[in-house]
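>>> For reference, the sequence and a predicted model appear below.
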Amino acid sequence: MKEEKCFPDEQTQIRCPRLGHQVSFSYCRIESAGLPCFKALDCWFEKFPVEKYLREELSPEEWEKAFEARSKPKMASLLDLIEQAKKMNTEGK
């Protein structure tokens, strides 16, 4: 008998630590430009075997991009945003 791929339905929701409100797995599955949110493994592991499911669904490259690629530290991201805002402000004058 073939094992069915099972994940939570739309009625099953958890509190998203990033958004601060309830979301379903279908949102987390595509949150990052079509890839899963980087926190999906942490948030959903108690509800179903999320890592197993996503390893079967994603290519190795997609897995790497979603979960293993190092993102910029928050401070570096904030500094980049400040620089972009300054540049837009000076160009607008």
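Arrived safely, thanks for sending.

>>> neighbours around Val23, how many?
By the criterion of other Cβ atoms under 10 Å, Val23 has 16 neighbours. All C-beta atoms are positioned from the backbone trio N, CA, C, and that covers glycine.

>>> isn't there a helix covering it?
No. Per DSSP: H, G, I helix; E, B strand; the rest coil, Val23 lies outside any helix segment and is strand.

>>> Surely it touches Ile14?
Yes. Contact criterion Cβ atoms under 8 Å: Val23 and Ile14 qualify, at 6.8 Å.

>>> mind checking how far the residue nearest to Cys16 when sequence neighbours are not counted is from Val50?
Take Cys16 and drop its neighbours on the chain: the residue closest to it by Cβ to Cβ, 6 or more residues apart in numbering is Val23, 4.6 Å away. From Val23 over to Val50 the distance is 14 Å, taken as Cβ to Cβ, to the nearest Å.
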